[in-house]
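Engineer: sequence first, predicted model second:
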Amino acid sequence: MNSTPHTQLLYGNKIELDKEKSFWRKVKYSFLLFTFFAFAGFFFISFIPGTIISSFGILAIIGIFLLKEKVNWEALCTFYLFYINVMLYVLALTTGGMKSHAVAWMATTIVTSYWFLGKKRSRYILLFSFILLCSLLAIELINGGPIMDSLSPAHQVIFNWTIDLGILLNISNDVKAIDLQTSIFQNKLQQNTDELIQFGEELSQTNEEINAQKEEIESQRDKIEKNHLELAKSLNNVTDSIRYAKTIQMALLTSQEELKKIFKEVNILFRPKDHVSGDFYFARKFDNRTLIVVGDCTGHGVPGALLSMVGLEALDRLEELPNTPAELLEQLDHYFFEKLRQSNIDGNNDGMDISVAYIDHDYRFQYAGAKGKGLLVDNNGIVPLKSTNRSIGGRIKKSKGFEVTEMQIQPDTLICLYTDGYVDQNGIDGKIGSLRFREVLKKYYLKYTKDCVNELETLLDNETEGFEQRDDITVFVAIHH
């Protein structure tokens, strides 16, 4: 919709009455009248004062035309009306005073001034004319009649007729100007009315379009709200399912009661990134040997949790321990390869990083890791456990065997197997890192593992406030019987 004309309409088309053209037309008529009066007074009624007064009027009109481009037309109009009143006053004095028809002409200038100059300025012309008429009356009352009455009765009639003709032409010009401006006003008013009607129709059409759009928006909003409710319901269902899956996963992990039977002290920091975890831990006693496993499956959340269940299933099926942790890792690798059908071309390539430790009753300690992480803390400080740069599972055929670390440990040795989620977690000072992790473990050698895990949790919470957890976290801390 074109808004320009309607904007003008709404803020008002300033309908200016073209008074300036009417004024200049009046000035031209006055010039012709003064010229006619000058010749008539000189040749027909031999009235020299009338000829002189008319000549001054001609000179004044010429001066007004000369100032047309330099002075505002309203100022020239004001001068013109004052000057006309003075001329008519002098003319009345010389042609019989109050009985002269020049007095009637003076009265018509009030209408002219009101039309051209408006109500405020015309008051000054009215006051001036009133003063002149009052002075003319006062002169006649004091003098007992007009000062000059130089015209014969016949000439007085001719003069008055001429003045009446001038009055008629003057009023005719004003009426014509008013009629012209009224016609212009009516045309502009009709034009604005038509624009207003058209604007109203367009506004009505726009309102209908807006209402249609509003209904469409409300319909879309209702659909979105409905979809939102459905999605929220689905999300709640999924969340409830995942929470239940967490319960199942926690049930599959080695219970705290069983762990306490195996170890002198044991505590675990287990914090999934989501509700369920791709990390897992497992511990079991086989005759005179204890098995500890901490695994980190590919991904986290539901996919990682499903893989962790594969790992837990494989460990739970063990009836006896292989001779070394390396042999157990090979069995797990084969189990993943078969279970996940990774021999197929389109089979998945998922697997896990894992740490495996054996502890005999005489404290002989064996360790092997598939990219896993582990360390010991004793009276000599931190003892890192070396892992092989190879993962469990995946389609790539491996030729590299798993390396086993074997040593004798003390009864009070602190054993720690963990995933990389803790040390790789971003915090206020960057990653937490292995250095601060090891400092906490070293600090709690010969102390309670529970306090050690609590401090690890406190450090994690303080460092990661405002940071998103990037991976599952598992730290298994124990002291063997």
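Structural biologist: Perfect, I can see it now.
Engineer: burial count for the residue nearest to Thr413 when sequence neighbours are not counted?
Structural biologist: Counting by Cβ to Cβ, 6 or more residues apart in numbering, Asp378 is the residue found nearest to Thr413 once chain neighbours are left out, at 4.7 Å. Where C-beta positions appear, they are placed from N, C-alpha and C, glycine not excepted. By other Cβ atoms under 10 Å, 15 other residues sit near Asp378.
Engineer: wait, a strand at Leu165?
Structural biologist: No: Leu165 is assigned helix when assessed by DSSP: H, G, I helix; E, B strand; the rest coil, not a strand.
Engineer: quick one: it and Leu33, what's the gap?
Structural biologist: Taking Cβ to Cβ, to the nearest Å as the measure, Leu165 falls 8 Å from Leu33.
Engineer: between those two, which is the more surrounded one?
Structural biologist: Using other Cβ under 10 Å, the more surrounded residue of Leu165 and Leu33 is Leu33, with 20 against 14.
Engineer: could I get the phi/psi values of the residue nearest to Thr413?
Structural biologist: phi -140, psi -160 (degrees, to the nearest 10).
Engineer: so it bridges to which residues?
Structural biologist: Beta-bridge partners for Asp378, by DSSP bridges, are Gly381.
Engineer: could you dump stretch 68-76 to PDB, C-alpha only?
Structural biologist: Only the C-alpha atoms of stretch 68-76 are listed here, as PDB (Å, rounded to 0.1, in the frame of the first residue of the first chain):
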ATOM      1  CA  LYS A  68       6.700  42.800  -5.500                       C
ATOM      2  CA  GLU A  69       9.900  40.700  -5.600                       C
ATOM      3  CA  LYS A  70      11.500  42.400  -2.500                       C
ATOM      4  CA  VAL A  71       8.800  42.700   0.100                       C
ATOM      5  CA  ASN A  72       6.300  40.100   1.400                       C
ATOM      6  CA  TRP A  73       2.900  40.500  -0.300                       C
ATOM      7  CA  GLU A  74       1.100  40.700   3.100                       C
ATOM      8  CA  ALA A  75       3.200  43.700   4.100                       C
ATOM      9  CA  LEU A  76       2.400  45.300   0.700                       C
END
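Engineer: part of a helix, is Lys226?
Structural biologist: Yes: remark: Lys226 belongs to a helix, assigned using three-state DSSP.
Engineer: ok, it - how many residues close by?
Structural biologist: Lys226 has 10 nearby residues by other Cβ under 10 Å.
Engineer: likewise for Asn379?
Structural biologist: Neighbours around Asn379, by other Cβ under 10 Å: 9.
Engineer: ok, it touching Pro411?
Structural biologist: No: between Asn379 and Pro411 there is no contact under Cβ atoms under 8 Å: 11.6 Å.
Engineer: what's the pLDDT at Leu312?
Structural biologist: What the model reports for Leu312 is a pLDDT of 93.
Engineer: looking at this, it is in a strand?
Structural biologist: No: read with three-state DSSP, Leu312 is helix and lies in no strand.
Engineer: that one - how many residues pack around it?
Structural biologist: Leu312: 19 neighbours (other Cβ under 10 Å).
Engineer: the nearest residue to it once chain neighbours are set aside: what's it in contact with?
Structural biologist: Nearest in space to Leu312, with sequence neighbours left out and distances taken as Cβ to Cβ, 6+ apart, is Leu252 at 5.1 Å. Neighbouring residues of Leu252 by Cβ atoms under 8 Å, 6 or more residues apart in numbering: 280, 309, 312, 316.
Engineer: okay, now the unreliable bits of the stretch 51-200 of the chain?
Structural biologist: 149-151 (pLDDT under 70).
Engineer: surely Pro384 is within a strand?
Structural biologist: Yes: checked against three-state DSSP, Pro384 lies within a strand.
Engineer: how much space separates it from Phe286?
Structural biologist: In terms of Cβ to Cβ, Pro384 sits 26 Å off from Phe286.
Engineer: one more: Ala232?
Structural biologist: To Phe286, Ala232 is 49 Å away according to Cβ to Cβ.
Engineer: got the contact list for the residue of the chain positioned farthest from its centre?
Structural biologist: Going by Cα atoms, centre = their mean, the residue of the chain most distant from its centre is Ser152, 90.4 Å out. By Cβ under 8 Å, 6+ apart, the contact set of Ser152 is empty.
Engineer: any idea how far it lies from Asp274?
Structural biologist: Counting by Cβ to Cβ - Ser152 and Asp274 are separated by 126 Å.
Engineer: the strand or helix carrying Met87: which residues count as buried?
Structural biologist: Met87 belongs to helix 73-94 when assigned by DSSP states H and E. For helix 73-94, a neighbour-count test (16 or more other Cβ atoms under 10 Å) marks 73, 76-78, 80-94 as buried.
Engineer: and whichever helix or strand comes after that helix, how far out from the chain's middle?
Structural biologist: Moving toward the C-terminus from helix 73-94, the next helix or strand (DSSP H and E) is helix 102-143. Relative to the centre of its chain, helix 102-143 is centred 66 Å away, using Cα atoms, centre = their mean, to the nearest Å.
Engineer: and if you look at stretch 379-398?
Structural biologist: 54 Å.
Engineer: okay, buried residues for it please.
Structural biologist: 382-383, 385, 387-388, 390-394.
Engineer: narrow the residues you listed to those in strands?
Structural biologist: 382-383, 385, 392-393 (DSSP state E).
Engineer: closest to Arg221 out of the residues you listed?
Structural biologist: Taking Cβ to Cβ as the measure, Arg221 lies nearest Gly393 of those, at 48.7 Å.
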